[in-house]
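Colleague: Got a sequence here, can you model it:
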Amino acid sequence: MALLIVAASLYYTDRLAAQLAIEEKKKVEEVADALKILSDPSNTKDLETAVAINTMAQNKTIPLIIADEKGRIKDKINIDSSRALGRSNYAELQLQKYRSQHAPIKVDYGTGIDYVYYGESFLLTQLRYFPYVQLAIIVLFLVVVLLALNAAHRSLQNQVWVGLSKETAHQMGTPLSSMEGWLELLRDDHNNIDAIAEMQNDLDRLKLVADRFGKVGSAPNLEEENLITRLHNMVAYMQKRSPQKVRIALHTREDDVRVNISGPLFDWVMENLIRNALDALAGQGNIDITVTNTPQQVWVDVQDTGKGIPAHQVKKVFTPGFTTKKRGWGLGLSLARRIITIYHHGSIFVKNSEVGKGTTFRIILRR
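Modeller: Model (predicted):
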C-alpha cells in the first residue's frame, strides 16, 4: 500500500511538472515574440510595444539566455548574478545546461536570427524534487513505525516471560511445601538417611528454580561473590546428573575471582549453557569451563565437543522461540542473554562454533 501511494504521488507530481513545463515554454515563446516586436524599427504600434514590454517585465522566474547564431551570448535574464561572481564562464556553463534541457526558441528578425535558451524556474525544480522528498519522508515514517512495532513486540514478549515465570514460581510453591512436609515424615525412618539427603538436595534445587522464576522481571540485587566457588558447585551438581561418558571440567588460574552477580540467576545461565552442551554431546564428550580474569572484565567460556551450530543459525540462537531441539520452547538462551545483558550489564555470545567439532559460548562480566 505504501508503494502504491508513492507511485501515485510520483505519477501525479510528474503530470503537474509536465504541465508547468508546457506553461513555461509558452511564456518563453511569448518573450521571444516580444523580443521580435521590440527589435523591429518599423513597428509603430504603441499597444503592441506596450504588450511586449509588459511580457518581458512579467517574466521574473524563468532563466533565459539570448544567443546569436554562432552561440555568442547577447543577453541574460533571471540568471543568479551571485553565483557568477568569480566565475567568468558561468553564463557559458548555464547555456550548455539549458541546451541539454530544452530546444531553443528561434527569433527571426528578418535581418538576423537569435535563439532563446531557457532553463526551469525554481518552482518547477522544486516540484520535480518533491516526490523524492516525499518518498524520503514516507520511508522515515515507515522506519519509525517498524521501530515502534519492534519495541512493542519486545515489550509484549517481556510481559509474557515475566507473567509465565512468576506464575510458574507461584504454582511450584504449593507442591514444594507439601514435599518438604513428606520429607520430614520420612526422616523418622533412619533407614532412609542417604535417600533423604539426595531428596533434600533436589528439593533445595527445586526451591532455587522457583526462586529464579520469581525474580524474572524484577531487578535483582547484585552481590560480590567468589565466582570460582559458585562455578565449582555448578560443575559438581551437573556432573552428577550427566551421562558417565561426559566430563565437565573447570579451568582457572585463580581460586578467588570476585564479581558482582546475582547468584541464583547466574547459576540459571550456566545451567542453561551446560544443558545445551549436554544435548549437543549426545551422551559422550567434554565440557570445559574456562575462567579468564582481567583488570576490567571476567570471561567465562563454556566449550563443548558436540555437534556444533551451523553458521546460518549462529545469529538466531538467542532469538526467542528459536530451537534446534524436537522439544523445547527456545527460551533458555534468550533468557540467559536477558539475565547477563540487562541484569548484569555484561554480554553473552557464540565465540565460535564448527559443525562436528563443537561450540564455545562466552560470557563477559564487567567490573
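Colleague: Do you have the helices of this structure handy? List them.
Modeller: Here the chain has its helices, by DSSP state H, at 2-39, 46-58, 81-84, 90-101, 122-186, 193-215, 227-240, 263-281, 332-338.
Colleague: Turn those into a markdown table, columns for distance to residue 345 and mean pLDDT.
Modeller: Any C-beta I mention is one placed from the backbone N, CA and C, and that applies to glycine too. Shown next, in a markdown table, are the helices of the chain (distance: least, CB to CB, whole Å; pLDDT from 0 to 100):
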| stretch | distance to residue 345 | mean pLDDT |
| --- | --- | --- |
| helix 2-39 | 39 | 81 |
| helix 46-58 | 69 | 65 |
| helix 81-84 | 55 | 62 |
| helix 90-101 | 58 | 80 |
| helix 122-186 | 17 | 80 |
| helix 193-215 | 16 | 77 |
| helix 227-240 | 15 | 93 |
| helix 263-281 | 13 | 91 |
| helix 332-338 | 12 | 86 |
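Colleague: Pipe these into JSON lines and attach distance to residue 302 and mean neighbour count per row.
Modeller: Output for the helices of the chain, formatted as JSON lines (distance: least, CB to CB, whole Å; neighbours: other CB atoms under 10 Å):
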{"stretch": "helix 2-39", "distance to residue 302": "45", "mean neighbour count": "15"}
{"stretch": "helix 46-58", "distance to residue 302": "81", "mean neighbour count": "13"}
{"stretch": "helix 81-84", "distance to residue 302": "66", "mean neighbour count": "10"}
{"stretch": "helix 90-101", "distance to residue 302": "66", "mean neighbour count": "15"}
{"stretch": "helix 122-186", "distance to residue 302": "23", "mean neighbour count": "13"}
{"stretch": "helix 193-215", "distance to residue 302": "18", "mean neighbour count": "15"}
{"stretch": "helix 227-240", "distance to residue 302": "10", "mean neighbour count": "16"}
{"stretch": "helix 263-281", "distance to residue 302": "4", "mean neighbour count": "21"}
{"stretch": "helix 332-338", "distance to residue 302": "11", "mean neighbour count": "21"}
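Colleague: out of these, nearest to residue 351?
Modeller: helix 263-281 (11.9 Å; CB to CB).
Colleague: between that closest one and helix 193-215, how many degrees?
Modeller: Helix 263-281 and helix 193-215 are oriented at 110 degrees to each other (axes from the mean of the first three to the mean of the last three CA atoms, to 10 degrees).
Colleague: Can you list the buried residues in stretch 243-256?
Modeller: 246, 248, 250, 252 (16 or more other CB atoms under 10 Å).
Colleague: Does the first one touch residue 282 like I think?
Modeller: No - with contact defined as CB atoms under 8 Å, residue 246 does not reach residue 282; the gap is 9.7 Å.
Colleague: Tell me which residue is most central in this structure.
Modeller: The centroid of the chain falls nearest to residue 147 when counting by CA atoms, centre = their mean (8.1 Å).
Colleague: Please tell me how far that one sits from residue 2.
Modeller: Applying CB to CB, to the nearest Å, the value for residue 147 to residue 2 is 16 Å.
Colleague: just residue 359 next, same as before
Modeller: Counting by CB to CB, the gap from residue 359 to residue 2 is 41 Å.
Colleague: just residue 265 next, same as before
Modeller: 43 Å.
Colleague: and the nearest residue to residue 64 once chain neighbours are set aside, how many neighbours does it have?
Modeller: Distance criterion CB to CB, 6 or more residues apart in numbering; nearest residue to residue 64, sequence neighbours excluded, is residue 77 at 4.1 Å. By other CB atoms under 10 Å, the residues close to residue 77 number 15.
Colleague: list the contacts for residue 77?
Modeller: 31, 59, 63-66 (CB atoms under 8 Å, 6 or more residues apart in numbering).
Colleague: go with 7 Å
Modeller: Residues in contact with residue 77, defined by CB atoms under 7 Å, 6 or more residues apart in numbering, are 59, 63-64.
Colleague: Tabulate those residues (a markdown table), appending distance to residue 103.
Modeller: What follows is the contacts of residue 77, written out as a markdown table (distance: CB to CB, whole Å):
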| residue | distance to residue 103 |
| --- | --- |
| 59 | 18 |
| 63 | 16 |
| 64 | 14 |
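Colleague: Show me which of those residues is closest to residue 272.
Modeller: Distance to residue 272 across the contacts of residue 77 (CB to CB) is lowest for residue 63, with 70.5 Å.
Colleague: Can you list phi and psi of that closest one for me?
Modeller: phi -70, psi 130 (degrees, to the nearest 10).
Colleague: Quick check on the residue nearest to residue 262 when sequence neighbours are not counted: phi, psi?
Modeller: Setting aside the residues directly before and after it, residue 262 is nearest to residue 220 in space (CB to CB, 6+ apart), at 3.8 Å. Dihedral angles phi and psi of residue 220 (degrees, to the nearest 10) take the values phi -80, psi 160.
Colleague: Near residue 220, how many other residues are there?
Modeller: 17.
Colleague: Now do the contacts for it.
Modeller: So residue 220 contacts 262, 265, 343 (CB under 7 Å, 6+ apart).
Colleague: Model confidence for residue 324, exactly?
Modeller: Residue 324 carries a pLDDT value of 68.
Colleague: My error: substitute residue 328 in the last question.
Modeller: For residue 328, pLDDT reads 59.
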